[in-house]
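In: A structural model of the following input is requested.
(chains A and B)
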Amino acid sequence: MVFNTGAALLDAIVLAVVSRQQEGTYGYKITQDVRQVLEVSESTLYPVLRRLQKDSCLDAYDMEYGGRNRRYYKITERGMAQLNLYKLEWSSYSSKISQLFEGRLSV
Amino acid sequence: MNRQEFMAQLERLLYDVPEQERIEAINYYNSYFDDAGAENESKVIQELGSPGKVAAIIKSDLEGSGIDFGEYTETGYRDERFGENHQVPEAKASASEHEEDPKKEESSGSRRSGYQGRRQRRTGGWALIIVALVFASPLLFGIGGGILGVIFGIGGGILGGIVAFAGGGIGLIIGGIAAFIAGIVKMFVNPALGLAATGSGALMIAVGILLFLAFLWVVCKLVPWIVRKVIDLCRRILHRGKGGDRV
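Out: Okay, the predicted model is just below:
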């Protein structure tokens, strides 16, 4: 990809990825899911998850898995609201640029 | 480097972050290795980069919350501060790395402040000149007053001369006409005296007309020329000041 992804877009992508899992998901899986759509370094996502958790957009809880504790992340109501805001912003942003590219934008 | 070494180094590098944050991060990456599976261990280590890079990204997020330094590019998170070429293998190096950052910001800001600095110096120069003027005022006012007096004196003299020309011219013309008329009247009583009076009257009129013409010439030609010269001189003085500014 030639376009860079800003912090807000990465937040939105992580929120979207986490929101797909009703019962929550964990760091490694989130990273793999995000990397399906976006080429990000694996070390990038921990601070994003941590920040979203601090902003109460994500809920973190430990659950036993295979004899050890695994940290799960689940989207909160606040996170959902934030994600919807991001989606709205994105659709207006991307549609404007698409219109411009396709020559449909009347200036 | 294996997982144990990676994690040990990461924990060391995170010595200066709050304990809770350090535990969170260590737990996260331990889980990460667990979930990736032992078979992917080296791949994960390669993907994560050095422990120094991981630690630096964690710390930068803790410090500069809200400030977006890096960008996520096709090759991953890009931040000038954590480029692979200036890696942070030791905690000390990572600390200096963080100090480098405000410096970088400063250097871009200093270009602006440098420009302002020059302007300040210039206003400072003006302030110095004003102070010098204030202190030298008794002397300068003496000299300046003298110069001003001379200029006004010359100007007044010229003006007086011009007015004198006009007054003298008009006076002579009136006097000449009066003498001429008186001469004509006198001619009937004493032709010689009358003739002399008429002659001197005509002479007076002629000189008066000449003086008046001289006055008109001065007013119409000389005064505009002087005004033009004075304006030119003022403009040149002002322009020299501006020219100095431009240099």
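In: got a list of contacts for the helix ranked longest in chain A?
Out: Of all segments of type helix in chain A, defined using DSSP state H, the longest is helix A:77-101. Residues outside helix A:77-101 that contact it (CB atoms under 8 Å, 6 or more residues apart in numbering or on different chains) are A:8-9, A:11-12, A:15-16, A:18-19, A:52, A:55-58, A:75, A:105. Placement of C-beta: from N, CA and C, glycine included.
In: out of those, what pair is the most spread apart?
Out: Pairwise distances across these peak at 37.8 Å for A:Ser56 and A:Leu105 (criterion: CB to CB).
In: strands of chain B, residue ranges please.
Out: B:71-73, B:76-78 (DSSP state E).
In: so what's the residue count around B:Val131?
Out: Using other CB atoms under 10 Å in any protein chain shown, B:Val131 has 10 neighbouring residues.
In: how near is it to A:Val40?
Out: 61 Å (CB to CB, to the nearest Å).
In: cool, and B:Ala192?
Out: Computed with CB to CB, the distance linking B:Ala192 and A:Val40 is 129 Å.
In: please say which of those two ends up with more neighbours.
Out: For B:Ala192 versus A:Val40, the count of surrounding residues by other CB under 10 Å is larger for A:Val40: 22 against 9.
In: next, the more buried one: secondary structure please.
Out: coil (DSSP: H, G, I helix; E, B strand; the rest coil).
In: that one contacts A:Val34, doesn't it?
Out: Yes: counting by CB atoms under 8 Å, a contact exists between A:Val40 and A:Val34, whose distance comes to 6.1 Å.
In: outline the domain layout of chain B.
Out: Dividing chain B into domains by automatic domain parsing, as the record does, gives the ranges B:3-103, B:146-246.
In: among those, which is the most enclosed?
Out: Of all these, domain B:3-103 carries the top mean neighbour count, a mean of 16, counting by mean count of other CB atoms under 10 Å in any protein chain shown.
In: and chain A, which residues reach chain B?
Out: Contact residues (CB under 8 Å from any CB of the partner chain) of chain A with chain B: A:1-2, A:4-7, A:9-10, A:26-29, A:31, A:38-44, A:46-47, A:49-51, A:66, A:68-71.
In: put the buried members of these into a PyMOL selection.
Out: Selection of buried members from the residues of chain A next to chain B for PyMOL, criterion 16 or more other CB atoms under 10 Å in any protein chain shown:
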select buried, chain A and resi 5+7+9+10+26+27+28+29+31+38+40+41+42+43+44+46+47+49+50+51+70+71
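In: which of the residues of chain A next to chain B fall in strands?
Out: Using DSSP E, these in strands are A:Tyr26, A:Arg68, A:Asn69, A:Arg70, A:Arg71.
In: where does pLDDT dip in the chain?
Out: In the absence of a named chain, this looks at chain A. Judged against pLDDT under 70, the low-scoring parts of chain A cover residues A:1, A:106-107.
In: my question was about chain B, not that one.
Out: Flagging of chain B using pLDDT under 70 yields the residue ranges B:64-124, B:240-247.
In: and the residue of it most remote from its centre, how far from chain A?
Out: Within chain B, B:Val189 marks the point farthest from the mean C-alpha position, 85.0 Å out by CA atoms, centre = their mean. Relative to chain A, B:Val189 is positioned 105 Å away (CB to the nearest CB, to the nearest Å).
In: if we can go back for a sec, in the longest helix of chain A, what counts as buried?
Out: For helix A:77-101, burial by neighbour count (16+ other CB under 10 Å) applies to A:Gly79, A:Gln82, A:Leu83, A:Tyr86.
In: how far off centre is that helix?
Out: Relative to the mean C-alpha coordinate of its chain, helix A:77-101 is positioned 13 Å out (CA atoms, centre = their mean, to the nearest Å).
In: repeat for stretch A:68-76
Out: For stretch A:68-76 - counting by CA atoms, centre = their mean - the centre lies 15 Å from the chain centre.
In: ok, residues contacting that stretch?
Out: Where contact means CB under 8 Å, 6+ apart, the residues beyond stretch A:68-76 that reach it are A:15, A:18-19, A:21, A:23-27, A:30, A:49, A:53, A:56-64, A:83, B:27-28, B:31, B:34-35.
In: ok, now stretch B:180-188?
Out: When contacts are defined by CB under 8 Å, 6+ apart, stretch B:180-188 is touched by residues B:Leu193, B:Gly194, B:Leu195, B:Ala196, B:Ala197, B:Thr198, B:Gly199, B:Ser200, B:Gly201, B:Ala202, B:Ile205.
In: among those, which lie within helices?
Out: Counting by DSSP H, the part of these found in helices is B:Leu193, B:Gly194, B:Leu195, B:Ala196, B:Ala197, B:Thr198, B:Gly199, B:Ser200, B:Gly201, B:Ala202, B:Ile205.
In: I appreciate the help and will end here.
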